[in-house]
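In: Structure for the following, please:
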Amino acid sequence: MKHLIKPLSVAIVAAFAATAAPTVFAQGKDIKVALIAGKTGPLEAYAKETETGFMMGLEYLTGGTMAINGRKIKVIVKDDQSKPDLGRTLLAEAYGDDKVDIAVGTTSSGSAIAMLPVAKEYKKVLIVEPAVADAITQEKWNKYIFRTARSSMQDALAAASTLKSGSIGFLAQDNAFGRDAIEAGKEALKTAGSKATTVHEEYAPATTTDFTAPTQRLFNVLKDKPQPRVLAIVWAGPNPLNKIADMKPERYGIALAPGGNILPVMKTWKSYAGTEGTIYYYHGFPKNKMNDWFVAEHTKRYKMPPDMFTAGGMAAASAVVSALKKAPNAKNGDDMVAAMEGMSFETPKGQMSFRKEDHQAIQPMYHFRIKKDQKNEWDLLELVREIPATEMPLPVKNKR
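Out: This next block holds a predicted model:
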């Protein structure tokens, strides 16, 4: 089964209310956007990509002026270290003390969930990027929450679309992200009408470096189950694919299905040419003007193409700019919410739209195969096919 690794987040600020008591949208004042991300800690690589993509997105969408309708955009970046208590505190500080207009964040799903009630308290929009936990747009959601990042269920539905039968074992991190992803994966198989069966689940601490015991337990269960036998790996951070492959799952007719990951991780997978998975974004897949600029400019500046979390940051920037242009005279967060519900905006993946019911960005995903003949160190994946949003029937589960 093909699955994705979870993304990154950021916080943004625009211009409409300072506290729970909204003030009039002030023309001429700087637009303040808070970008909150886990820039230190286990997800720092994701957070740094998100920030880079967000700033490049603002640059592209404003033609280099970093202004909208003559108003300068001021981005206030805050590091929540992927700690929920700190994330909650920093968002309150951004809304209350910094008087940001809109916020974007964050990298960790746990921290993002802790931030959701703060947006409701201050009655200001929070765009979630790149945290993926389903709860963000389900039971923990409120009307001020919008998400440009994919959800665990979108990841799972993409993966389920590639697996029609057989036996699946899951290896995931023993945290909210990992358990959320596996629950979504099992539900997605049913939603997609797949005849594949989940036969075993293993959860290991996020700090695990020795995967021998959980992997052997998965092998023992999978080896006698109906083919195809798939060990799906759902892991944020350094991926255990190489270590698990060293245990030779092919002895038991077991195929590995890694989720898409950041480029420095996927470049170590060359030995597994032909292995398939699904991914949120890969620089060579989308064909549109924004992605062409993004790839060329990022490669010029950083000597490598943009990554999946960089693309997420740019998508969040596009949502911010589109919202501010659509509602230039918004007097409060409620006005901004009304403008953003159902709003479409361009991203490196193409057009996304915020679904009115739960404000989840509806978007395509990609089915990939690891390339055998790689022309350079970043020429890693070939496209099997783009999976349109219409093939991923994402259920609405929030309490609106």
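In: Please enumerate the helices of this structure.
Out: Using DSSP state H, the helices found in the chain span residues 44-61, 84-96, 109-122, 152-160, 176-191, 212-222, 241-245, 263-266, 289-302, 308-326, 333-340.
In: report the angle between the axes of the fourth one and helix 109-122?
Out: For helix 152-160 against helix 109-122, the angle between stretch directions is 140 degrees (axes from the mean of the first three to the mean of the last three CA atoms, to 10 degrees).
In: ok, back up a step: among the helices of the chain, which is the most enclosed?
Out: Greatest average neighbour count among the helices of the chain goes to helix 152-160 (a mean of 30), per mean count of other CB atoms under 10 Å. (Each C-beta comes from the backbone N, C-alpha and C, glycine too.)
In: Output that helix as PDB, nothing but the C-alphas.
Out: This file holds the C-alpha atoms of helix 152-160, laid out as PDB (Å, rounded to 0.1, in the frame of the first residue of the first chain):
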ATOM      1  CA  SER A 152      -4.400  11.700   6.900                       C
ATOM      2  CA  MET A 153      -7.600  10.500   5.200                       C
ATOM      3  CA  GLN A 154      -6.600  12.100   1.900                       C
ATOM      4  CA  ASP A 155      -3.200  10.300   2.100                       C
ATOM      5  CA  ALA A 156      -5.000   7.100   2.900                       C
ATOM      6  CA  LEU A 157      -7.600   7.400   0.100                       C
ATOM      7  CA  ALA A 158      -4.800   8.100  -2.400                       C
ATOM      8  CA  ALA A 159      -3.000   4.900  -1.200                       C
ATOM      9  CA  ALA A 160      -6.200   2.900  -1.200                       C
END
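In: on contacts alone, who are the packing partners of that helix?
Out: Here helix 152-160 touches strand 3-4, helix 176-191, strand 254-260, strand 276-279, strand 365-370, going by 3 or more CB pairs under 8 Å, 6 or more residues apart in numbering; DSSP states H and E.
In: Now tabulate those in TSV and tack on mean pLDDT.
Out: Shown next, in TSV, are these (pLDDT from 0 to 100):
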stretch	mean pLDDT
strand 3-4	37
helix 176-191	89
strand 254-260	87
strand 276-279	91
strand 365-370	96
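In: hmm, back to that, would you turn the helices of the chain into CSV with distance to residue 71?
Out: CSV is the format used below for the helices of the chain (distance: least, CB to CB, whole Å):
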stretch, distance to residue 71
helix 44-61, 13
helix 84-96, 18
helix 109-122, 21
helix 152-160, 34
helix 176-191, 37
helix 212-222, 53
helix 241-245, 46
helix 263-266, 35
helix 289-302, 23
helix 308-326, 9
helix 333-340, 15
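In: and residue 350, which of those is closest to it?
Out: The closest of these to residue 350 is helix 289-302. By CB to CB, the value is 8.1 Å.
In: Might one say that residue 341 is in contact with residue 358?
Out: No - Residue 341 lies out of contact with residue 358 (CB atoms under 8 Å); the separation is 10.0 Å.
In: Quick check: neighbours shared by these two?
Out: Common neighbours of residue 341 and residue 358, counting by CB atoms under 8 Å, 6 or more residues apart in numbering, are absent.
In: Just want to know which of those two has more residues nearby.
Out: residue 358 (22 against 14; other CB atoms under 10 Å).
In: where in this protein is pLDDT low?
Out: For the chain, applying pLDDT under 70 flags the ranges 1-28.
In: sorry, back to before: I'd like to know which of the helices of the chain lies nearest to residue 374.
Out: Smallest distance to residue 374 across these (CB to CB): 10.6 Å, for helix 263-266.
In: Can I get the closest one as CSV, trimmed to CA atoms?
Out: This file holds the C-alpha atoms of helix 263-266, laid out as CSV (Å, rounded to 0.1, in the frame of the first residue of the first chain):
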residue,chain,number,x,y,z
LEU,A,263,13.9,14.5,-1.1
PRO,A,264,17.0,13.9,1.1
VAL,A,265,15.3,10.7,2.4
MET,A,266,14.0,9.5,-1.0
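In: Show me what that helix is packed up against.
Out: Short answer (3+ CB pairs under 8 Å, 6+ apart): helix 263-266 packs on no helix or strand.
In: next one: it to chain centre, how far?
Out: When C-alpha coordinates are averaged (CA atoms, centre = their mean, to the nearest Å), helix 263-266 and its chain have centres 16 Å apart.
In: before we move on, what about stretch 77-86?
Out: Offset of stretch 77-86 from its chain centre (CA atoms, centre = their mean): 17 Å.
In: picking up where we left off before, now for the helices and strands packed on helix 152-160, which one comes closest to residue 333?
Out: Proximity to residue 333 (CB to CB) singles out helix 176-191 among the helices and strands packed on helix 152-160, at 26.9 Å.
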